[in-house]
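Colleague: fold the stuff below for me.
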Amino acid sequence: MKLKVVISFLFLSCFCLAQEKEVAQATQQFNDFAYFDAIKIYERVAASGYKSKELFQKLGNAYYFSADYENAAKAYKELFALTDDQHPEYFYRYAQALKSIEDYDLSKVYMDKFAAFNIGDKRANVYLKKNDYLKAIKQNSGRYNIKISEFNSPYSDYGGAFLGNKLVFTTTRDTGGAFKSKMKWTNAAFSNFYQVSFDNDGSANKAERFNSKVNSVLNESSAVFTADGKTMYFTRNNYLNGKRHKNNREQVLLKIYKATLDDGKWGDVEELPFNSDEFSTAHPALSLDEKYLYFASDRPGGVGKSDLYVVEIKKDGTFGEVQTLGPEINTESRETFPFVTGDNTLYFASDGHPGLGGTDVFATKLKSPTTTEEIQNVGEPVNSPFDDFAFIIDDKNKNGFFTSNRPSEFGDDDIYQLTEIKPLECKQKVVGVVVDEKTQQPLPNAQVILLDKNLQRIDEMYANDKGGFSFELNCKSVYTLRANKQSYETNEVLVKTPDFSGDVSAKIALSQKTPRFQKGEDIAPKVGIKMIYFDLDKSFIRPDAAIELEKIRQVLIEYPNMKIDIRSHTDCRATAAYNEKLSDRRAQSTRQWLIDNGIDASRLSARGYGESQPINKCVDGVKCSEEEHQANRRSQFIILSL
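Modeller: Residues are numbered from 1 along each chain as shown. Next up, the predicted model:
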């Protein structure tokens, strides 16, 4: 029995050592970006029953980086079945892979875990702010009609650039011979440029190879042309004049090159000066005025797997300093395939901003070459649970193209044609109702005022017969709605709009005013006025008196039909005749201040009563304290009518 145990143990040990050796071999392939070969070994080892954290991490990553998200999700599922003790990036990648198989509920579970680990991560912060991102995507969906292009092949066809009535695109459909060179990464052939022209009805003609001076034995992709069609910027592996160049890890990376058209032929291919052998620079795009070149790169100093950058093209053909598009655009994942329209909209692909799975297409307005407005997911049908990228559009005829690896009749990456049927604008509408707070019944004809975040008036309207109102608003903004109605107290509500198009609702409840005043009573004590102060023997309005009179003015504004009589009184010191004249001057001065500050004169009467109406014993000949004399020095604001 002991011998059997020992033999079993030795067999198991040998088995594990053999599997670990194969995993190490696969890992070497993985590190050399030979994902296709690495996957075959990892899958064979996993099928034999061997399981390890490293195996499923690498297997999941190999599928993920090859854009096979369905199999990536399976591998990551096995990984997390072993242990949740993982680097946070695996939570993110599993969440993304789950989106691609449309398991959004489980994806949310792992995004929540990722966000809990990575509070400082841009992707986590955006997710926490936009946890209703699926609603936002739904609001932006349905803006395009799409169809798969008839010039696709069974191989990878992607990208695109306008050149007159032609589309110049990238394909791996051939490399010029029966024995195709293949990339270790995907086991696909190297890519070249093809071109296809279109008839007036939009139908495509036969695709044909592009200029042989531009196509090389390695990869070319992602071209962009100047408006005159004489200059071309494009991506190529680090290869020029028949020589390929490698980085310090023996890898041939990507660079942006420039070619010019001379006598109908493309030539003078040269690499741009901001390339490097040590990092990739790819996917150029031009601004409308052709003064700026946008591109993607994984150069040092970035925040993600690839970031978007811009560089100025100077009049003499030299280039300025490379500038990042910053944290609003770039995340810790991939931002790539930029494209700029004539109305300064930047489209790009990303798997770092909230999307449906894989890379999604996003859009934002460029306020300057390096600053942007709110980023929007363009929604379905352009975006899907798969990789969607390389979006371009002619903003005059609203026709364009994008690429997706979603399942199709062709296979691999395919180019789709699109027509924009509704512009991508972020607009909100507030739809509301004004009601009685107690009965909840609508209040027709209530005035509703729209104020900005600084409480400055933007617009106003009166509620309809059902108490309803609406205003057009901007996305991601703060507003105040203020409602007024006679015999009701004014009320305000705050409205914050999200960063996607749609409607928000608002209800403003108004409470009926409790009658504050009655005919014949004095306003002053009800609004907290004890004294209107004047300098000794003077009748002009002092600053502290103006503060008190402002309270009276506000009451008169609130009650537009109110009329008042201003009555001024003095104490018994000085002569009765002098006191009467002094008090009358003070009453008239008070009236005039209210008129000067917007109150109609017809609503105001004024008279001085001198010492004739004391409220205590203090008359001539009676000794009184200063406090008793002060009680007789008063102003009254008697309501004559409401």
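Colleague: help me confirm that residue 403 comes into contact with residue 390.
Modeller: Yes. Between residue 403 and residue 390 a contact is recorded at 4.2 Å, counting by C-beta atoms under 8 Å. All C-beta spots, glycine's among them, are computed from the backbone N, C-alpha and C.
Colleague: mutual contacts of those two, please.
Modeller: Shared contacts of residue 403 and residue 390, defined by C-beta atoms under 8 Å, 6 or more residues apart in numbering, are found at 158-160.
Colleague: TSV for the residues you listed, including distance to residue 353 and pLDDT?
Modeller: Shown next, in TSV, are the shared contacts of residue 403 and residue 390 (distance: C-beta to C-beta, whole Å; pLDDT from 0 to 100):
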residue	distance to residue 353	pLDDT
158	20	94
159	21	93
160	22	93
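Colleague: from those, which land in strands?
Modeller: 158-160 (DSSP state E).
Colleague: please, where are all the helices along this structure?
Modeller: 2-31, 35-47, 53-65, 69-82, 88-100, 104-117, 122-129, 133-140, 543-558, 576-596, 626-632 (DSSP state H).
Colleague: how about the shortest one: buried residues?
Modeller: By that I understand helix 626-632. Residues of helix 626-632 classed as buried by neighbour count (16 or more other C-beta atoms under 10 Å): 628-629, 631-632.
Colleague: out of those, flag the one nearest to residue 544.
Modeller: Nearest to residue 544, judged by C-beta to C-beta, of the buried residues of helix 626-632 is residue 631 at 18.9 Å.
Colleague: let me know the closest of the shared contacts of residue 403 and residue 390 to residue 584.
Modeller: For the shared contacts of residue 403 and residue 390, the residue nearest residue 584 by C-beta to C-beta is residue 160; the value is 88.1 Å.
Colleague: who's in contact with that closest one?
Modeller: Going by C-beta under 8 Å, 6+ apart, the list of residues near residue 160 reads 167-169, 390, 392, 401, 403, 415.
Colleague: how much space separates residue 364 from residue 477?
Modeller: According to C-beta to C-beta, to the nearest Å, residue 364 stands 16 Å off from residue 477.
Colleague: the more surrounded of the two?
Modeller: residue 364 (21 against 14; other C-beta atoms under 10 Å).
Colleague: for residue 195, name its beta-bridge partners.
Modeller: Beta-bridge partners for residue 195, by DSSP bridges, are residue 168, residue 208.
Colleague: which residues touch it?
Modeller: Contact analysis of residue 195 by C-beta under 8 Å, 6+ apart lists 163, 166-169, 207-210.
Colleague: just the strands in the stretch 401-550 of the chain please.
Modeller: 414-420, 427-436, 447-451, 457-462, 468-474, 478-484, 491-496, 502-510 (DSSP state E, counting those that start in this stretch).
Colleague: so which of the ones you listed gets nearest residue 313?
Modeller: Per C-beta to C-beta, nearest to residue 313 of these: strand 414-420, 27.8 Å.
Colleague: buried set for that closest one?
Modeller: Applying 16+ other C-beta under 10 Å to strand 414-420 flags 414-418, 420 as buried.
Colleague: ok, now stretch 369-383?
Modeller: 369-370, 372-373, 375-383.
Colleague: just name the shakiest helix or strand of this protein by mean pLDDT.
Modeller: helix 2-31 (a mean of 52; mean pLDDT, DSSP states H and E).
Colleague: and the residue nearest the centre of the protein?
Modeller: Nearest to the mean C-alpha position of the chain, by C-alpha atoms, centre = their mean, lies residue 374 at 3.3 Å.
Colleague: how much space between the closest residue to it other than its chain neighbours and residue 139?
Modeller: Closest residue to residue 374 apart from its sequence neighbours, by C-beta to C-beta, 6 or more residues apart in numbering: residue 499 at 5.0 Å. Note on residue 499: its distance to residue 139, by C-beta to C-beta, is 10 Å.
Colleague: also residue 147?
Modeller: 24 Å.
Colleague: those two - which one has more neighbours?
Modeller: Using other C-beta under 10 Å as the criterion, residue 147 and residue 139 rank with residue 139 on top: 18 against 11.
Colleague: follow-up on the earlier one: in a markdown table: the helices of the chain, plus distance to residue 267.
Modeller: Shown next, in a markdown table, are the helices of the chain (distance: least, C-beta to C-beta, whole Å):
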| stretch | distance to residue 267 |
| --- | --- |
| helix 2-31 | 38 |
| helix 35-47 | 35 |
| helix 53-65 | 35 |
| helix 69-82 | 41 |
| helix 88-100 | 42 |
| helix 104-117 | 49 |
| helix 122-129 | 42 |
| helix 133-140 | 43 |
| helix 543-558 | 79 |
| helix 576-596 | 82 |
| helix 626-632 | 101 |
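Colleague: which of the ones you listed sits most buried?
Modeller: helix 88-100 (a mean of 24; mean count of other C-beta atoms under 10 Å).
Colleague: on contacts alone, who are the packing partners of it?
Modeller: helix 53-65, helix 69-82, helix 104-117 (3 or more C-beta pairs under 8 Å, 6 or more residues apart in numbering; DSSP states H and E).
Colleague: any idea of the mean pLDDT for that helix?
Modeller: In this model, helix 88-100 has a mean pLDDT of 92.
Colleague: quick one: it to chain centroid distance?
Modeller: Centroid separation for helix 88-100 versus its chain: 22 Å, with C-alpha atoms, centre = their mean, to the nearest Å.
Colleague: wait, what's in contact with the nearest residue to residue 530 once chain neighbours are set aside?
Modeller: Leaving aside its chain neighbours, residue 530 sits nearest to residue 524 (7.7 Å; criterion: C-beta to C-beta, 6+ apart). Residues near residue 524 by C-beta under 8 Å, 6+ apart: 530, 552, 634-637.
Colleague: ok, residue 524 to residue 590 distance?
Modeller: 11 Å.
Colleague: who touches both of those two?
Modeller: The contact sets of residue 524 and residue 590 overlap at residue 635 (C-beta under 8 Å, 6+ apart).
Colleague: would you mind measuring from residue 445 to residue 466?
Modeller: Residue 445 is 11 Å from residue 466, by C-beta to C-beta.
Colleague: oh, I was asking about residue 544
Modeller: As judged by C-beta to C-beta, residue 544 and residue 466 stand 48 Å apart.
Colleague: redo the contacts of residue 160 as a markdown table? Include distance to residue 223 and pLDDT.
Modeller: Listed next are the contacts of residue 160 as a markdown table, based on distance: C-beta to C-beta, whole Å; pLDDT from 0 to 100:
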| residue | distance to residue 223 | pLDDT |
| --- | --- | --- |
| 167 | 10 | 95 |
| 168 | 5 | 95 |
| 169 | 8 | 95 |
| 390 | 11 | 97 |
| 392 | 11 | 97 |
| 401 | 13 | 97 |
| 403 | 14 | 97 |
| 415 | 14 | 96 |
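Colleague: out of those, what pair is the most spread apart?
Modeller: 168 and 403 (13.5 Å).
Colleague: neighbour count: the two, which is higher?
Modeller: Between residue 168 and residue 403, counting by other C-beta under 10 Å, residue 403 is the more crowded of the two (28 against 23).
Colleague: tell me the contacts of the more buried one?
Modeller: Residues in contact with residue 403 (C-beta under 8 Å, 6+ apart) are 157-160, 388-390, 413-416.
Colleague: just those now: which is nearest residue 331?
Modeller: Taking C-beta to C-beta as the measure, residue 389 is the one of those closest to residue 331, at 15.2 Å.
Colleague: which residue sits closest to the closest one, ignoring its sequence neighbours?
Modeller: Closest to residue 389 by C-beta to C-beta, 6+ apart is residue 349, at 3.5 Å.
Colleague: could you break the protein into its assigned domains?
Modeller: Following automatic domain parsing, one finds the domains of the chain at 2-118, 156-420, 427-510, 524-641.
Colleague: now stretch 469-486: buried residues?
Modeller: Within stretch 469-486, the residues scored as buried using 16+ other C-beta under 10 Å are 469, 471, 473, 475, 479-485.
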